[in-house]
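K.L.:
Predicted structure and sequence below. I'll ask about it afterward.
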Amino acid sequence: MDTFEVIATAAFGVEAVVGQEVRALGYQNVRVDNGKVTFTADAVGISRANLWLRSADRVFIKMGEFPALTFEELFERTKALPWEEVLPPNACFPVIGKSVKSKLYSVSDCQAIVKKAIVERLKMKYRKSWFEEDGPRFVIEVSLLKDVATLAIDTSGSGLHKRGYRQLASKAPLRETLAAALVQLSFWNADRLLVDPFCGSGTILFEAAMIGLNMTPGLNRTFDSENWPWIPSSVWKRAREEALDAIRRDVHFRLLGYDIDGKVLKIARHNAKLAGVDGYIDFHTQPFERFSTKRKYGCIITNPPYGERLGDRKEAEELYRQMGKLFKPLDTWSLYVLSPYEGFERLFGRKADRKRKLYNGRIKVYYYQFFGPRPPKPGGELEQKGEQLMPNADELL
């Protein structure tokens with residue numbers, strides 16, 4: 001195979017963001033569907049997609065898609081696919097699966113049948129009766145949705161949210177891919193001040209900093225497909241060199257993160273160094289009620305505490321009222337708040353300009369977006385002079 005139909009999976013609500021990312025990489029035949037974005041790419045495209053996609057969950061090679069109403073049909077249609085073009089004789093190929101609204105509802109049976117069908121195909125093509133499976137890893141997914149089976153090979157390995165910088169984590173960290181989507185759905189750019197008053201371990205700020213620097217999110221990790229024999233190591237080497245060359249080393253900006261928990265901010269500072277963005281973010285221990293600013297323009301992107309238990313829920317509702325009061329003077333700022341509360345706008349005291357439904361893990365949340373006016377050009381209030389960095393945090397606010 002020279003080119004492939006590639007699937008970039010995505011969480012509900014961020015598919016359009018992933019579609020924009022794929023188009024920005026220059027790939028063709030891009031189609032956005034529920035939970036995925038499909039496009040056409042070669043081996044180089046597989047490496048670049050894994051390195052560059054910020055909001056996608058994983059990158060798959062689609063091997064086939066067909067109706068499957070019986071186990072026999074699943075077996076025969078799977079066996080007919082050209083697995084030998086992708087799997088070497090020593091491939092380790094575990095099969096995972098899922099089934100939604102399909103007659104073939106037993107996932108374990110579907111996995112076993114797909115595995116057996118692939119083995120039979122490889123026996124015929126490689127003229128072997130036994131496969132050691134002691135070589136590179138090719139995780140195969142069989143997904144059944146409304147009696148249609150999709151067979152795909154995972155090129156990523158660990159999920160793309162695992163950037164490599166989160167060696168330490170707070171109790172309820174925001175997934176990196178969702179944080180990147182929040183930033184990309186905002187009007188923030190590196191010329192504007194960005195503040196997260198509930199930053200926790202700093203994920204939103206890390207992802208914003210990497211976007212501002214044009215730093216690829218996958219640069220500090222590895223992928224299963226790096227070990228595949230038919231993708232030359234030179235392809236991955238060039239893709240990583242391209243990513244390093246693309247980093248903007250001439251930009252200067254500061255991001256501000258506040259949290260009441262000093263221990264979690266220690267984690268944030270540690271992870272910021274691992275991400276290579278510690279020179280662009282200031283973290284400060286501060287309760288939210290002390291938040292204020294004299295800056296005319298800026299962005300707030302934040303994921304405040306949810307308060308899922310009843311007692312915490314009341315505290316969260318009071319927090320949302322407090323946010324409305326403290327943010328009310330910021331009528332020239334753009335505000336972005338992630339919350340599971342459908343009644344957030346009532347508590348906040350303002351109707352959002354846009355509300356987008358997303359999922360933070362399995363929790364349904366809403367991204368409330370309040371748009372401020374465009375700052376004056378060039379660079380708004382944050383125009384830089386020479387090589388001087390932004391002022392310190394106190395001066396910024």
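P.N.:
In hand now; what should we look at?
K.L.:
Please give me every residue in contact with L174.
P.N.:
The contact partners of L174, taken as C-beta atoms under 8 Å, 6 or more residues apart in numbering, are G200, T203, I204, N303, L338, N360. For the C-beta atoms, the positions are set from N, CA and C on the backbone; glycine is no exception.
K.L.:
Of these, which belong to helices?
P.N.:
Per DSSP state H, helices hold the following members of these: T203, I204.
K.L.:
List just the nearest of the contacts of L174 to N90.
P.N.:
If you rank those by distance to N90 using C-beta to C-beta, T203 comes first, at 38.4 Å.
K.L.:
Look at that closest one and say how many residues are nearby.
P.N.:
30 (other C-beta atoms under 10 Å).
K.L.:
from memory it sits against A181, does it?
P.N.:
No - with contact defined as C-beta atoms under 8 Å, T203 does not count as touching A181 (11.6 Å).
K.L.:
helix, strand or coil for R48?
P.N.:
helix (DSSP: H, G, I helix; E, B strand; the rest coil).
K.L.:
Which residues are in contact with the nearest residue to it once chain neighbours are set aside?
P.N.:
Among residues not flanking R48 along the chain, A239 sits closest, at 5.4 Å (C-beta to C-beta, 6 or more residues apart in numbering). Listed by C-beta under 8 Å, 6+ apart, the contact set of A239 reads V44, S47, R48, L51.
K.L.:
cool, S334 as well?
P.N.:
S186, F187, W188, G298, C299, I300, Q369, F370, F371, G372.
K.L.:
Apply 7 Å and report the result again.
P.N.:
S186, F187, C299, F370, F371, G372 (C-beta atoms under 7 Å, 6 or more residues apart in numbering).
K.L.:
What of L326?
P.N.:
F291.
K.L.:
Just the mean pLDDT for whatever helix or strand it lives in, thanks.
P.N.:
Assigned by DSSP states H and E, L326 belongs to helix 310-327. Averaged across helix 310-327, the pLDDT comes to 87.
K.L.:
what about that helix, distance to the chain center?
P.N.:
28 Å (C-alpha atoms, centre = their mean, to the nearest Å).
K.L.:
Could you list the low-confidence segments of the stretch 151-300 of the chain?
P.N.:
168-172 (pLDDT under 70).
K.L.:
P229 should be in a helix, yeah?
P.N.:
No - looking at P229 with three-state DSSP, it is coil, so not inside a helix.
K.L.:
mind checking how far it is from V86?
P.N.:
10 Å (C-beta to C-beta, to the nearest Å).
K.L.:
same deal with M323?
P.N.:
51 Å.
K.L.:
How about G262?
P.N.:
For G262 relative to V86 (C-beta to C-beta), the value is 50 Å.
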